[in-house]
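> Generate coordinates for the sequence data below:
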Amino acid sequence: MVSVFLVLLRYSMSLTEHVFYNHQLKVTQFTSYSMANKSLVWPSVLFFILLILIIVVKNSALNNVLKIFKSTTNNQAWQQYLREDGTNIKSHNLVLVGIYLLTLTYFVYKINTYYNLVFVSFSSLWQYLFLLGVFLLCLLLKFMANFFIARITNSLEVISNYQTYTLLINQAFGVIYFPMFVLIEFAGFNSFHLLTVCLSLYLLSILVKWIKGSIICITEYRIGILQTFLYLCALELLPFLVIVKFSVETF
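Numbering: from 1, shown residues only. Here you go, the predicted structure:
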């Protein structure tokens, strides 16, 4: 009986032996191998917040969001949006603008880290926060310039309509950017190709805004082509280029 028990005990111990026990493989790593994950935590938190915001907007104002998307591509829907909502900014507009700012800042952050342009000595989170502050400053300068130009030229309506359409484009593209940046961060694809697609979408959004702004100014309000071109260059590009030049030369 004792011998049977010893045989069973030896058999059970052989089952629990490690798969590499008494193997003939050549040892190449004599120390423990670190499996620490060096991925950043804050992008996950950022995308989680963005996902919550998108879900909230989808559940509370889905019809308004669909109306925004339709207004960016259809002139009749755009005119209807002006008649029904005008230039008033509602809560879902503010949330969508916030999504656009956060995603656009992340896009510029990825471009900056990919090419190591500026703020190389900063941590990744501080880079993102600094770029977010740059975009907020650009928006503030743009708003102040628009208000000043509208007052001195008595063209409040045309500038308000253009600014409303610009906000609609930004809100629509902010939602479009989100899944692409999730793929860039977590899918393990070649980020260069996805960043190129995002850059193409961003340039497309600027082109659409410029074309619509030209149509509003030239055809609807009979403003000259030169004045329209100067306005678009001064308020769409100049503040951003000035801040970018300052950041590059300073940091």
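> Now for residue 175, how many residues are close by?
Residue 175 sits with 20 neighbouring residues when counted by other C-beta atoms under 10 Å. Quick note: C-beta positions are derived from backbone N, CA and C, even for glycine.
> for residue 213, same thing?
Counted with other C-beta under 10 Å, residues neighbouring residue 213 total 22.
> Quickly note the distance from it to residue 158.
9 Å (C-beta to C-beta, to the nearest Å).
> With residue 168 instead?
To residue 158, residue 168 is 16 Å away according to C-beta to C-beta.
> Compare the two and say which one has the larger neighbour count.
The neighbour comparison of residue 168 against residue 158 (other C-beta under 10 Å) goes to residue 168, with 23 against 19.
> List phi and psi for that one.
phi -60, psi -40 (degrees, to the nearest 10).
> list the contacts for it?
Taking C-beta atoms under 8 Å, 6 or more residues apart in numbering, we find residue 168 in contact with 68, 71-72, 78, 81.
> Go through stretch 49-63 and flag the buried ones.
Within stretch 49-63, the residues that count as buried by 16 or more other C-beta atoms under 10 Å are 50, 53-54, 57, 61.
> And stretch 203-216, by the same measure?
Buried, per 16+ other C-beta under 10 Å, within stretch 203-216: 205-206, 208-210, 212-214, 216.
> Could you report the neighbour count for residue 159?
Applying other C-beta under 10 Å, we find 23 residues neighbouring residue 159.
> Please tell me how far it sits from residue 96.
Computed as C-beta to C-beta, the residue 159 to residue 96 distance reads 21 Å.
> Identify the element of secondary structure that the spatially most central residue of the chain sits within.
What sits nearest the mean C-alpha location of the chain, by C-alpha atoms, centre = their mean, is residue 103, with 1.5 Å. Per DSSP states H and E, residue 103 falls inside helix 91-115.
> for residue 169, same thing?
Here residue 169 is assigned to helix 156-186, by DSSP H and E.
> Output the contacting helices and strands for the helix or strand following that helix.
As assigned by DSSP H and E, the chain's next helix or strand after helix 156-186 is helix 191-215. Packing partners of helix 191-215 (3 or more C-beta pairs under 8 Å, 6 or more residues apart in numbering; DSSP states H and E): helix 91-115, helix 156-186, helix 225-232.
> JSON lines for those helices, including distance to residue 125?
Shown next, in JSON lines, are the helices and strands packed on helix 191-215 (distance: least, C-beta to C-beta, whole Å):
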{"stretch": "helix 91-115", "distance to residue 125": "10"}
{"stretch": "helix 156-186", "distance to residue 125": "14"}
{"stretch": "helix 225-232", "distance to residue 125": "34"}
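> Ranked by average pLDDT, which of the ones you listed falls at the bottom?
Mean pLDDT across the helices and strands packed on helix 191-215 is lowest at helix 225-232; the value there is a mean of 74.
> buried ones in stretch 149-168?
150, 155, 158-159, 161-168.
> And the residues you listed, which two are furthest apart?
Spatial extent of the buried residues of stretch 149-168 (C-beta to C-beta) is set by the pair 155 and 168 at 19.8 Å.
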